[in-house]
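Undergrad: fold the stuff below for me.
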Amino acid sequence: MQKKLFFLVLLLASANVFGQSKFIAKNAYISFFSSTPMEDILGESNEAVTILNAETGEIGFQALMTTFHFKRALMEEHFNENYMESTKFPKAKFNGKIDGFNKEMLKAPLANIKITGLLNVHGVEKSITVNGMLGLESGKLVGTSKFKVTPEDYGITIPSLVRDKIGKEMEITVKATYLTFGN
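TA: Got it, this is the predicted structure:
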């Protein structure tokens with residue numbers, strides 16, 4: 001129920017932002033990875049939602065923090081309760097635009113792109129520009145990106161007791177396979 005409500009809110013919130021030609025991915029992949037000599041940490045979700053406006057290149061992306069899963073249940077518990085405070089800050093959001101967008105990008109093979117927008121994590125919103133790829137892969141429109149963020153930049157405090165187990169930067173990976181929506 002919560003997932004359906006989240007999806008409905010995302011669609012309604014994006015109605016004014018996006019035109020008639022849209023692409024949507026309801027099960028986009030997003031992960032974050034941190035590596036230190038002591039431990040690797042990987043959190044993954046296949047439940048992010050993203051909408052791409054085929055007219056303007058505007059893109060919206062949201063992920064519920066509680067959809068991230070880890071190799072150990074204790075990591076998941078610490079992530080949601082201690083670091084992300086998922087009850088207080090339930091989702092991460094990105095709203096931006098593909099730099100130099102044109103509709104032909106949607107019909108071409110995967111190619112490098114740059115996306116500029118606002119990333120909101122843990123209640124802190126920052127302007128970011130990330131590299132990615134967009135285009136057709138096996139006949140489907142695919143968007144990917146890999147970039148790094150620093151937890152401290154988003155008000156996420158890492159306790160000194162575990163600071164050596166968590167890298168100073170998190171590598172974020174995003175992959176979405178889009179379907180047409182609303183045409």
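
Undergrad: who's in contact with residue 93?
TA: 60-62, 119-120 (C-beta atoms under 8 Å, 6 or more residues apart in numbering). In this view, the C-beta of every residue, glycine as well, is placed from N, C-alpha and C.

Undergrad: oops, could you answer that again for residue 168 instead?
TA: Contacts for residue 168 (C-beta under 8 Å, 6+ apart) come out as 150-152.

Undergrad: cool, and residue 146?
TA: Going by C-beta under 8 Å, 6+ apart, residue 146 touches 131-132, 171-174.

Undergrad: just give me the closest of those residues to residue 31.
TA: Using C-beta to C-beta, residue 173 comes nearest to residue 31 of these, at 4.8 Å.

Undergrad: about what we covered before: okay, among the contacts of residue 146, which ones form the most distant pair?
TA: For these, the farthest-apart pair by C-beta to C-beta is 132 and 171; their separation is 13.7 Å.

Undergrad: which one of the two is surrounded by more residues?
TA: Between residue 132 and residue 171, counted using other C-beta atoms under 10 Å, residue 132 has the larger neighbour count: 19 against 15.

Undergrad: buried ones in whatever helix or strand that one lives in?
TA: Applying DSSP states H and E as the criterion places residue 132 in strand 124-137. The neighbour-count check on strand 124-137 (16 or more other C-beta atoms under 10 Å) flags 130, 132-135 as buried.

Undergrad: and these as a markdown table, adding pLDDT?
TA: Converted to a markdown table, those look like this (pLDDT from 0 to 100):
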| residue | pLDDT |
| --- | --- |
| 130 | 97 |
| 132 | 98 |
| 133 | 98 |
| 134 | 98 |
| 135 | 97 |
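
Undergrad: can I get those in a markdown table with distance to residue 39?
TA: Output for these, formatted as a markdown table (distance: C-beta to C-beta, whole Å):
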| residue | distance to residue 39 |
| --- | --- |
| 130 | 26 |
| 132 | 28 |
| 133 | 30 |
| 134 | 34 |
| 135 | 36 |
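
Undergrad: burial count for residue 100?
TA: 9.

Undergrad: next one, pLDDT for it please.
TA: For residue 100, the model assigns a pLDDT of 97.

Undergrad: could you do residue 5 as well?
TA: 42.

Undergrad: now residue 157
TA: Model confidence at residue 157, given as pLDDT, is 78.

Undergrad: report the contact partners of it.
TA: Counted by C-beta under 8 Å, 6+ apart, residue 157 has contacts 83, 151.

Undergrad: and for residue 116?
TA: Contacts for residue 116 (C-beta under 8 Å, 6+ apart) come out as 96-97, 99, 127-129.

Undergrad: alright, calling it a day.
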